[in-house]
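Novice: just coords:
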DNA sequence: TAATATTTTTAGGCTAACCTAAATTATTTT
DNA sequence: AAAATAATTTAGGTTAGCCTAAAAATATTA
């Protein structure tokens, strides 16, 4: 429970958290790809994490890894740091949403609990970061609010953008230019069965956009809340 | 010139900068003591730093090390980070002056130039940190203003506290309690020739204090500026 | 089911930074 | 100059985290 987590370990835990959110264990190769670390090295680290006292991951050969309760707590702590920092950089220091990821990736491992609490308080305990990603609470609970990938929205339905799941700066700048940011309302007008292109209308801007599948899969919306 | 400086190297450079400010090279044992690293390891690192391209230190066996121009620039960059961060933590996040050192020691190695510039701008490009230590300029020049150790002040003279050269949290809290903080005016009333105790009077508080030598050596004042 | 492809593991290496202990060399003090 | 102190060298270790290449295990496809 003490602070023995290295930066490398924290990055593994974060990656495993995200990869397992789909319900399946995080495989060696998926971690290798995400962390840019060779598969052989990933296997070594997973064995290490499973052998710690207490174990941070549950690992079974050829079957990948999941987080133990201790591992999940540690992961959520890092994710909370990351998202609070991103929010602080935008809200308090005037960063744009495409500039914050890298900085937060470095800072998240070194800030103290005192720092975390002070920026959380300064921000009024925000629930989401600038990309709409939910910020785990101080009790390390990930708030779950309804959200669906944009391609799942029915034709004609209206929804509000909640989340933009990318840290690619160029893509983020592009989306901001289009007006696709958390909080924006849109309605889906067409969904091509051939290329998966989505045609969406933004009433606030009175514009129509055509989004490719690769992009629309990254946009998460809420359509429970009626206009 | 690229960003190849490890945290260990940055800490050595900072320590060498401070130790050489007295005019003499930083010796192996002084670095060993300050950094809590065994002398044999220090020797190894000094050889390494002197062998880098470009060299960061000038090192001669048994005689200690000084910074090369490249080494000094790197040191000033880290010191600027440290002092700007300390200032930001106090001014923007409400830390007290005894809480900031540790946090700044970790953050100073990971913040970007963008972060540095944004907090500098948010603070109005401060000249000194909360302890009165001068902040190197963006051009990496250490501003030099007149300041003298408190024991050098003549009996009866009045001076203004400029700097408190310690990062010991308990001592900092103690000094704040006494009213010894940058900006405070005081006058020296007596200087014991036996134990080095200094008796000082703080007109703003109308109090008289007796400071031991170990403390008064850490307090730097300016008496060029008349009341 | 056999062949192929993919994934995982093993084995052996590397770098950065530190450590200890003992022997040696410089420098400083007496 | 001798003694004491400080610094260096040598030799051998440690931990963390990565690497490559080849072997082994598992999955997929024909």
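Specialist: Okay, I see it. Note that the structure is a prediction, hence the values are computed from the model and not measured.

Novice: pull the longest helix from chain A.
Specialist: helix A:69-91 (DSSP state H).

Novice: output the contacting helices and strands for it.
Specialist: The contact analysis (3 or more CB pairs under 8 Å, 6 or more residues apart in numbering or on different chains; DSSP states H and E) places helix A:69-91 against helix A:7-20, helix A:100-107, helix A:113-122. Just so you know, the C-beta spots here come from the backbone N, C-alpha and C atoms, and that holds for glycine as well.

Novice: what's the closest of these to DNA strand C?
Specialist: Comparing the helices and strands packed on helix A:69-91 against DNA strand C with CB to the nearest atom of the strand, the closest turns out to be helix A:7-20 (11.6 Å).

Novice: what's that closest one packed up against?
Specialist: Going by 3+ CB pairs under 8 Å, 6+ apart, helix A:7-20 lies up against helix A:28-35, helix A:39-51, strand A:64-67, helix A:69-91.

Novice: and with 10 Å instead?
Specialist: Counting contacts by 3 or more CB pairs under 10 Å, 6 or more residues apart in numbering or on different chains; DSSP states H and E, helix A:7-20 is packed against helix A:28-35, helix A:39-51, strand A:57-60, strand A:64-67, helix A:69-91, helix A:100-107.

Novice: so can I have TSV of the ones you listed showing mean neighbour count and distance to residue B:102?
Specialist: Shown next, in TSV, are these (neighbours: other CB atoms under 10 Å in any protein chain shown; distance: least, CB to CB, whole Å):
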stretch	mean neighbour count	distance to residue B:102
helix A:28-35	18	29
helix A:39-51	16	28
strand A:57-60	19	30
strand A:64-67	22	29
helix A:69-91	21	17
helix A:100-107	20	15
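
Novice: low pLDDT regions in chain A?
Specialist: A:1-3, A:225-227 (pLDDT under 70).

Novice: what residues does chain A put near DNA strand D?
Specialist: A:6-9, A:36-38, A:40-41, A:44-45, A:48, A:61-63 (CB under 7 Å from any atom of the strand).

Novice: which of the residues you listed lies closest to chain B?
Specialist: Checking the residues of chain A next to DNA strand D against chain B by CB to the nearest CB gives residue A:7 as the nearest, at 9.8 Å.

Novice: follow-up on the earlier one: for residue B:138, state which of the residues of chain A next to DNA strand D is nearest.
Specialist: Nearest to residue B:138 among the residues of chain A next to DNA strand D is residue A:7, at 28.7 Å by CB to CB.

Novice: spatially nearest residue to that closest one (excluding sequence neighbours)?
Specialist: Closest residue to residue A:7 apart from its sequence neighbours, by CB to CB, 6 or more residues apart in numbering or on different chains: residue A:109 at 4.6 Å.

Novice: for the one you found, what are its contacts?
Specialist: Shown here is residue A:109, whose contacts under the criterion CB atoms under 10 Å, 6 or more residues apart in numbering or on different chains are A:5, A:6, A:7, A:8, A:9, A:10, A:11, A:78, A:81, A:82, B:106, B:110.

Novice: would you turn these into TSV with distance to residue B:122?
Specialist: Listed next are these as TSV, based on distance: CB to CB, whole Å:
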residue	distance to residue B:122
A:5	31
A:6	31
A:7	27
A:8	32
A:9	33
A:10	28
A:11	29
A:78	26
A:81	21
A:82	21
B:106	20
B:110	18
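
Novice: let me know the closest of these to DNA strand D.
Specialist: residue A:6 (2.3 Å).

Novice: touching, the closest one and residue A:74? I think so.
Specialist: No - under the criterion of CB atoms under 10 Å, residue A:6 makes no contact with residue A:74, lying 11.3 Å away.

Novice: shared neighbours of those two, anything?
Specialist: residue A:12.

Novice: tell me the SS of residue A:146?
Specialist: Secondary structure, DSSP: H, G, I helix; E, B strand; the rest coil: residue A:146 is coil.

Novice: list phi and psi for it.
Specialist: For residue A:146, the backbone dihedrals (degrees, to the nearest 10) come out as phi -60, psi 130.

Novice: next one: residue A:207
Specialist: phi -130, psi 160.

Novice: correct me if wrong: it contacts residue A:179.
Specialist: Yes - assessed by CB under 10 Å, residue A:207 is found in contact with residue A:179 at 6.9 Å.

Novice: what sits in contact with each of the two?
Specialist: Joint contacts of residue A:207 and residue A:179 (CB under 10 Å, 6+ apart) are residue A:186.

Novice: list the contacts of residue A:10.
Specialist: A:74, A:75, A:77, A:78, A:79, A:81, A:82, A:108, A:109.

Novice: repeat for residue A:201
Specialist: Residue A:201 touches A:158, A:185, A:186, A:187, A:188, A:189, A:190, A:207, A:208, A:209, counting by CB under 10 Å, 6+ apart.

Novice: reformat those as TSV; add secondary structure.
Specialist: Formatted as TSV, the contacts of residue A:201 follow (three-state DSSP):
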residue	secondary structure
A:158	strand
A:185	strand
A:186	strand
A:187	strand
A:188	strand
A:189	strand
A:190	strand
A:207	strand
A:208	strand
A:209	strand
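
Novice: buried ones among those?
Specialist: Among the contacts of residue A:201, those classed as buried by neighbour count (16 or more other CB atoms under 10 Å in any protein chain shown) are A:158, A:185, A:186, A:187, A:188, A:209.

Novice: out of those residues, the closest to DNA strand D would be?
Specialist: Once CB to the nearest atom of the strand is applied, the member of these that ends up nearest DNA strand D is residue A:188, at 32.9 Å.

Novice: who does that closest one bridge with?
Specialist: Beta bridges link residue A:188 to residue A:200, judged by DSSP bridges.

Novice: I'd guessed it sits against residue A:161; true?
Specialist: No - counting by CB under 10 Å, residue A:188 stays clear of residue A:161, with 11.9 Å between them.

Novice: what sits in contact with each of those two?
Specialist: A:150, A:200, A:221.

Novice: for residue A:205, see how far away the first one is.
Specialist: With the distance defined as CB to CB, to the nearest Å, residue A:150 ends up 17 Å from residue A:205.

Novice: give me the more crowded residue out of the two.
Specialist: Of the pair residue A:150 and residue A:205, residue A:150 is the one with more neighbours under other CB atoms under 10 Å in any protein chain shown, namely 22 against 12.

Novice: tell me which helix or strand residue A:220 sits in.
Specialist: Assigned by DSSP states H and E, residue A:220 belongs to strand A:219-222.

Novice: next: residue A:37.
Specialist: Judged by DSSP H and E, residue A:37 forms part of no helix or strand.

Novice: for it, what are phi and psi?
Specialist: Backbone geometry at residue A:37, expressed as degrees, to the nearest 10, gives phi -130, psi 140.

Novice: so what's the residue count around it?
Specialist: Quick note: residue A:37 (other CB under 10 Å) scores 18 neighbours.

Novice: that one against residue A:30, yeah?
Specialist: No - at 11.5 Å, residue A:37 does not count as touching residue A:30 under the criterion of CB under 10 Å.

Novice: so what sits against both of these two?
Specialist: Counting by CB under 10 Å, 6+ apart, the residues touching both residue A:37 and residue A:30 are residue A:15.
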